[in-house]
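A.B. asks: turn this into a model:
(one chain, ligands or ions: 2)
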Amino acid sequence: MSDPQIAGAQTVDTIANRGSGGNAPIIRVRGLTKVYHVGEVDVHALRGVDLDVMAGEFVAIVGASGSGKSTLFHILGGLTPPTAGTVTIAGKDLAHMSNSQRTELRKGTVGFVFQKYNLLPTLTAEDNIKIVEYIGGRSTEFTPEFVEVLKLLGIADRMKHKPSKLSGGQQQRVAIARAVVNHPAILLADEPTGNLDSQNSTAVLGLLKDLNRRLGQTILMITHDPEAASYAGRSVHIRDGTIV
Ligand SMILES: Nc1ncnc2c1ncn2[C@@H]1O[C@H](COP(=O)(O)OP(=O)(O)OP(=O)(O)O)[C@@H](O)[C@H]1O
Ligand SMILES: [Mg+2]
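C.D. replies: Ligands and ions are numbered 1, 2, ... in the order given. Model prediction:
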């Protein structure tokens with residue numbers, strides 16, 4: 001079994017440096033706006049957001065309900081198109097990507113953790129993590145390095161369990177494992193502790209910090225909770241669709 005420290009050091013090389021292009025930010029957002037049209041009403045969810053995140057950073061986006069956090073999250077992951085502005089992820093302009101390139105981005109470059117875990121109830125934890133392979137009808141063993149990540153997450157011995165047999169905190173840790181299994185350059189987490197009690201919140205936040213410190217994982221975490229934000233290296237505040 002490989003030493004987790006050594007495995008971690010190797011992964012820093014592959015994750016933190018991937019696509020970062022020297023000193024260029026891995027996430028670069030300029031003048032991002034998003035207007036939702038609901039009937040006769042225009043909702044200005046984002047009003048000119050600028051943001052740079054460097055590879056290896058752990059950044060918290062903090063803001064009240066309705067401030068535009070999830071909108072930003074969905075645009076960064078290529079799930080929603082912006083109204084105006086540019087988003088560059090690992091040197092690639094999202095606007096100039098085809099649908100299939102955006103799908104590749106979601107499979108390879110960006111890993112998502114959602115507030116409500118989004119695990120499939122009929123699949124075991126292991127198959128949830130291997131979901132992309134599972135859909136493709138193939139399945140390979142986890143690498144020794146990934147088994148170390150599962151141990152770091154404290155779920156290595158829960159892989160044969162279905163979500164209903166796991167606690168909320170364990171389900172969220174499975175969701176984090178699923179988000180990092182393909183070594184995404186960026187981990188995007190939208191309120192990852194939103195449904196957890198304080199003990200499980202502390203555990204999940206601690207391990208996000210560990211993934212950042214030990215594996216050099218770039219993390220952008222959205223939260224309304226200043227306590228959760230204190231685990232990040234840097235906090236960015238958003239109010240009414242604007243970074244303040
Ligand atoms: N699909 C949508 N259609 C119309 N309006 C939307 C849509 N999604 C979000 N909005 C509106 O955009 C604004 C920002 O919403 P968003 O979900 O980004 O906020 P948030 O900061 O994530 O809030 P919360 O902390 O409650 O999750 C809100 O006024 C919301 O009502
Ligand atoms: Mg939200």
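
A.B. asks: rest of the way, CA atoms for contacts and neighbours
C.D. replies: OK.

A.B. asks: OK, contacts around the residue nearest in space to the middle of the chain?
C.D. replies: Among the residues of the chain, the one closest to the centroid is residue 188, at 2.0 Å (Cα atoms, centre = their mean). Applying Cα atoms under 8 Å, 6 or more residues apart in numbering, we find residue 188 in contact with 73, 77, 110, 111, 112, 113, 219, 220, 221, 222.

A.B. asks: apply 6 Å and report the result again.
C.D. replies: Residue 188 makes contact with 112, 220, 221, according to Cα atoms under 6 Å, 6 or more residues apart in numbering.

A.B. asks: if I look at it, how far off is residue 95?
C.D. replies: In this view, residue 188 and residue 95 are 19 Å apart by Cα to Cα, to the nearest Å.

A.B. asks: picking that back up, element containing the residue nearest to the centre of the chain, please.
C.D. replies: Element membership of residue 188, judged by DSSP states H and E, is strand 186-190.

A.B. asks: strands paired with that strand, and their directions?
C.D. replies: In the sheet, strand 186-190 lines up against strand 110-113 (parallel), strand 218-223 (parallel) (DSSP bridges).

A.B. asks: contacts for the longest one next, please.
C.D. replies: If you take Cα under 6 Å, 6+ apart as the criterion, strand 218-223 is touched by 55-62, 186-191.

A.B. asks: so residue 183 lies in a helix, does it not?
C.D. replies: No. According to DSSP: H, G, I helix; E, B strand; the rest coil, residue 183 belongs to no helix; its state is coil.

A.B. asks: interface residues of this structure facing ligand 1?
C.D. replies: Residues of the chain lying near ligand 1 by Cα under 6 Å from any ligand atom: 36, 38, 43, 45, 64, 65, 66, 67, 68, 69, 70, 71.

A.B. asks: mind listing what's buried along whichever strand or helix holds residue 100?
C.D. replies: Taking DSSP H and E as the definition, residue 100 sits inside helix 99-104. Neighbour-count burial for helix 99-104 flags residue 102 (criterion: 16 or more other Cα atoms under 10 Å).

A.B. asks: stretch 120-127 too?
C.D. replies: 123, 124, 125, 126, 127.

A.B. asks: show me the contacts for the third one.
C.D. replies: Spelled out, that is residue 125. Taking Cα under 6 Å, 6+ apart, one finds 159, 161, 162 in contact with residue 125.

A.B. asks: specify which member of the residues you listed is nearest to residue 152.
C.D. replies: When the contacts of residue 125 are compared for distance to residue 152 (Cα to Cα), residue 159 wins out at 13.8 Å.

A.B. asks: can you give me the pLDDT of that closest one?
C.D. replies: Residue 159 is assigned 96 on the pLDDT scale.

A.B. asks: for residue 183, same thing?
C.D. replies: pLDDT, residue 183: 82.

A.B. asks: tell me, how many residues neighbour it?
C.D. replies: Neighbour count of residue 183, defined by other Cα atoms under 10 Å: 22.

A.B. asks: how close does the most far-flung residue of the chain relative to its centre sit to ligand 1?
C.D. replies: Most distant from the centre of the chain: residue 40, at 33.8 Å, with distances by Cα atoms, centre = their mean. The gap separating residue 40 from ligand 1 is 11 Å, by Cα to the nearest ligand atom, to the nearest Å.

A.B. asks: now swap in residue 155 and tell me
C.D. replies: Separation of residue 155 from ligand 1 (Cα to the nearest ligand atom) stands at 28 Å.

A.B. asks: just give me the neighbour total for that residue.
C.D. replies: 18.

A.B. asks: the one 10 residues further on now?
C.D. replies: In terms of burial, residue 165 registers 14 neighbours under the definition other Cα under 10 Å.
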